[in-house]
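Participant: give the three-dimensional model of this entry:
(2 chains)
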Amino acid sequence: MSITPFIRVSEEDFHLATESSRLTAGRVDIGAVVTFTGLCRDEGGHLSALELEHYPGMAEEEIGRIAKQAIERWPLLGLTVIHRCGRIRPGENIVLVAAASAHRQAAFDAASFLMDFLKTSAPFWKKEHLNGSDGAWVEAKQSDDAATLRWKR
Amino acid sequence: MTISAQASSTSSTNRAVKLRYFAWVRERIGISEEVIELDEGVETVHDLLHWLPTRGETYAEALKQPDVIRVALDHRHADHAQPLAQASEIALFPPMTGG
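Facilitator: I've put the predicted structure just below:
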């Protein structure tokens, strides 16, 4: 039986403990929960805010397609992906991936896979507002593209 | 009535699509979305990326490096060789930087 991932794209913040219990509450078959949280850095004091633009509709659908691949590939018992949009300040949360499984390796691998593909194929764009500037779009990194290649099989 | 309705739907050779732009593609073109009629002969993503710049300077500026532009047809990533087929919403944007 295939699980249904919990996916949310919104300006709203998330709480790790709440999201972790969403996966494990009332269950006795889960032996591992791996969570990854991406936060906004201040880039050595230079960054005042990040602006996250997204493609409403496609963002949720594309995350759903990536999640589906992970669910088909690893024996997951639960999966949550939350991506924030809008203006985010240093120290605030940006993204959460939480994967639950009976054993740790599937949860580690699925969380890592999700993050690699979120970066390169989920339709989100970051604009950095450095102190006193209008902002500049972040350029895509080749290292992020390279990271997705390790999942090819 | 039925006859004239049929005539009007088949006589329109140019197909209207909704275009959506994101991030710096949106900023450079100056709008976030529009409905346009595709010229005859604009059949693939590649054709579209080379035809849009003929619509004006802002398009030419936004799409001056067509190879880096990513395109989605009805919310799905498409490569540049892909036919537009019957896509009703076509989005153009830079490489993604989420996560």
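
Participant: what parts of chain A come near chain B?
Facilitator: Chain A has residues A:38, A:52-55, A:57-58, A:61-62, A:83, A:94-95, A:115, A:118-127, A:137-140, A:144 near chain B, with proximity defined as Cβ under 8 Å from any Cβ of the partner chain. Just so you know, the C-beta spots here come from the backbone N, C-alpha and C atoms, and that holds for glycine as well.

Participant: contact residues of chain B facing chain A?
Facilitator: For chain B, the contact set with chain A under Cβ under 8 Å from any Cβ comprises B:20, B:22-24, B:72, B:75-77, B:91, B:93-99.

Participant: by mean pLDDT, which helix or strand of chain B comes out lowest?
Facilitator: When each helix and strand of chain B is scored by mean pLDDT, DSSP states H and E, helix B:2-11 comes last, with a mean of 41.

Participant: and the residue of chain A closest to chain B?
Facilitator: Of all residues in chain A, A:Phe124 sits closest to chain B, at 2.6 Å by Cβ to the nearest Cβ.

Participant: tell me, how many residues neighbour the nearest residue to that residue once chain neighbours are set aside?
Facilitator: Leaving aside its chain neighbours, A:Phe124 sits nearest to B:Gly98 (2.6 Å; criterion: Cβ to Cβ, 6 or more residues apart in numbering or on different chains). Residues within reach of B:Gly98, counting by other Cβ atoms under 10 Å in any protein chain shown, total 26.

Participant: secondary structure element holding B:Gly98?
Facilitator: Under the criterion of DSSP states H and E, B:Gly98 resides outside all helices and strands.
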